[in-house]
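[1] Provided below for reference: sequence and predicted model.
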Amino acid sequence: MTVPRTSDPHRPSGYGVEVAPGALTIYNRCTDPKSHWTLSAENLSGGTREMPLKGSGIFIFGGMTVPANADPQGGPAPSSPGGTIDLKLLTTGEIHTNGSIPAGVGNLITGGIFVGSGVKAQQVVNNGAGFQVQPTVDDEMLQPELPQCCHRRF
């Protein structure tokens, strides 16, 4: 069996995995640590149960990178400096997503809301009816039931 190649220079990577960007992607890829963005985004939602978003839903990442071969057991991740994002507030409604990860690919991850390295998140509030992850044809994982409203302060 041939495993599809997923390596893409536009995807953040670390610890042997890559993150698939989202329908809304905010990614400060600048290699200069002086590049600093401030972001507030409210009332975002995307996809439906019938037509989920492909890949991640909302994807916010700074320019800091972790080597793809970093050892997760080795303590703090070594990182290359880069641009940062100060996420003041993110509020969402329902986010429906289908990661669209091909069968046999174990080094690609997605998320309904994915906030990654290089981002200092102060407040993220999900006002949707919970995350709805649409499994792919080959996905037999059970999806946990989540509360009607998820709030998290950072």
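    Everything's here; your move.
[2] avg pLDDT for stretch 89-101?
    Over the span of stretch 89-101, the pLDDT mean works out to 90.
[3] buried ones in that stretch?
    The neighbour-count criterion (16 or more other CB atoms under 10 Å) identifies 90, 91, 92, 94, 95, 96, 97, 98, 99, 101 as the buried residues of stretch 89-101. Yep, even glycine has a C-beta here, placed from its N, CA and C like the rest.
[4] Stretch 41-52 too?
    For stretch 41-52, burial by neighbour count (16+ other CB under 10 Å) applies to 44, 45, 46, 47, 52.
[5] which ones among those are found in helices?
    The helices, defined by DSSP state H, take in nothing from these.
[6] still on that earlier bit, just to be sure, which of the buried residues of stretch 89-101 are found in strands?
    With strands identified by DSSP state E, the entries of those that belong to them are 90, 91, 92, 94, 95, 96, 97, 98.
[7] quick one, strands of this protein?
    Secondary structure of the chain (DSSP E): strands at 13-14, 17-19, 22-27, 36-46, 53-54, 56-61, 84-98, 108-109, 113-115, 119-121, 123-126, 132-133, 150-153.
[8] list the contacts for the closest residue to residue 93 other than its chain neighbours?
    Distances taken as CB to CB, 6 or more residues apart in numbering place residue 45 nearest to residue 93, at 3.4 Å, with adjacent residues excluded. Contacts here follow CB atoms under 8 Å, 6 or more residues apart in numbering; on that basis residue 45 touches 92, 93, 94, 95, 128.
[9] can you check residue 83 too?
    For residue 83, counting by CB under 8 Å, 6+ apart, the contacting residues are 28, 29, 30, 31, 32, 33, 35, 36, 37, 62, 63, 118.
[10] Kindly report the same for residue 88.
    With contact taken as CB under 8 Å, 6+ apart, residue 88 is in contact with 38, 39, 40, 122, 123.
[11] what's the farthest-apart pair in the residues you listed?
    Of all pairs drawn from the contacts of residue 88, the one with the longest distance (CB to CB) is 38 and 123, at 13.4 Å.
[12] pLDDT at residue 53, what is it?
    Reported pLDDT at residue 53 in the predicted model: 90.
[13] No further queries at this time; thank you.
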